[in-house]
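Trainee: Sequence below, structure please.
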Amino acid sequence: MAKRKENSRRPQPRHKRKLGPSQFDKRRRLATPNPNRKKTVRARVPLSGGLAAMAASMGGLLDARMGFRLAIIMAGIVLAGERRVAAAWFVAGGVQDDWDRFYGHNWVSLAMVVKHSLWGVIALPLRSMLYVRAANCPKWTEKYGWEFRTKHEQLIDLVAWFVETARGMGLRCAIWLAVDGAYAARPFLRAMGRWSVVVVSRLRKDAALFDLPEERAPGKRGRHPIYG
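Mentor: As a prediction, this is how the structure comes out:
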C-alpha cells in the first residue's frame, strides 16, 4: 500500500468547541463571598475635569451596585495607552481581586466611527445583539424562546440592517467595515461581498496569499492543485 505523501504546509491551529457550560458559576460564587477578597472602589488614578463629569453622568444611568465601576474602567482606558483589551484597562485602572466582576454580557455591536473635534476618532454605537453560547441556550430557549445564533450570523444581521437603512435614506456612499480577525471568515466575507461592503480586518500571522493554480495539463492524473 502506497504511503500518503506528507503535506509540506504548516498545520493550521484549530479551536476546540466549548460544548459544556462554564465551570465557573457566578451565582454560586456571589452566594459565598470570600471575606479576604479586595474590592476595587476607585481607580488608581481617578478621572478629573470633563472626563470625571461624563463618567459620573453615564454611571448614574446604570445600576447603583455597579455604576461606580464605569469611572474605574474609563480611567484604565486612558492610562492603558495603546493596549486595547479589557484586561489591560483593568490593570491600568487598579482593579484588584474583583476583576471578574468588571466583565458583563457578551455583545456583538455595530458602531459608526466618526472624527470629533475634541476627542479625535470615536465610535458611536448604533445597534447591538446579545450573544449566548450554544451550551447555555437550552434554558434560555425554554424560558424566552431564544434561538442560538453565531457571532458571524449576528453581525451579518446588523450589517444588513445598516445597509438597508442607509440605502433607504438615499445614501450611496461606500461602506467600510472594520472587524476583529475572528470575522475574517469565508461565510461572513461572502455576505459582505453581496452588499459591496469593504471589510478591514487583521489576518493570522501565518496567513498567505496564493495565485490561482495553473491549468492542468491534458492527460495528467492525480489531485487538482488548490494553490498556485
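Trainee: could you say what helices and strands the longest helix along the chain packs with?
Mentor: Longest helix of the chain, by residue count under DSSP state H: helix 151-168. When contacts are defined as 3 or more Cβ pairs under 8 Å, 6 or more residues apart in numbering; DSSP states H and E, helix 151-168 sits against strand 107-116, strand 120-130, helix 186-194. C-beta coordinates here come from the backbone N, C-alpha and C atoms, glycine included.
Trainee: Take those and lay them out in a markdown table including mean pLDDT, distance to residue 60 and mean neighbour count.
Mentor: Listed next are the helices and strands packed on helix 151-168 as a markdown table, based on pLDDT from 0 to 100; distance: least, Cβ to Cβ, whole Å; neighbours: other Cβ atoms under 10 Å:
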| stretch | mean pLDDT | distance to residue 60 | mean neighbour count |
| --- | --- | --- | --- |
| strand 107-116 | 92 | 21 | 12 |
| strand 120-130 | 91 | 19 | 11 |
| helix 186-194 | 91 | 38 | 14 |
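Trainee: so which of the ones you listed comes closest to residue 71?
Mentor: strand 120-130 (18.1 Å; Cβ to Cβ).
Trainee: Now do the closest one against strand 107-116: the angle between them, please.
Mentor: Angle of strand 120-130 versus strand 107-116, following axes from the mean of the first three to the mean of the last three Cα atoms, to 10 degrees, is 160 degrees.
Trainee: next SSE after the lowest-mean-pLDDT helix or strand in the chain?
Mentor: When the helices and strands of the chain are scored by mean pLDDT, DSSP states H and E, helix 26-31 comes last with a mean of 69. Per DSSP states H and E, the first helix or strand lying C-terminal to helix 26-31 is helix 49-59.
Trainee: any residues touching that next one, and which ones?
Mentor: Residues outside helix 49-59 that contact it (Cβ atoms under 8 Å, 6 or more residues apart in numbering) are 46-47, 67-71, 74, 78.
Trainee: Please indicate which of the residues you listed are buried?
Mentor: The neighbour-count test (16 or more other Cβ atoms under 10 Å) marks 47, 68-71, 74 as buried among these.
Trainee: Show me the two of those residues that sit farthest apart.
Mentor: 47 and 69 (12.7 Å).
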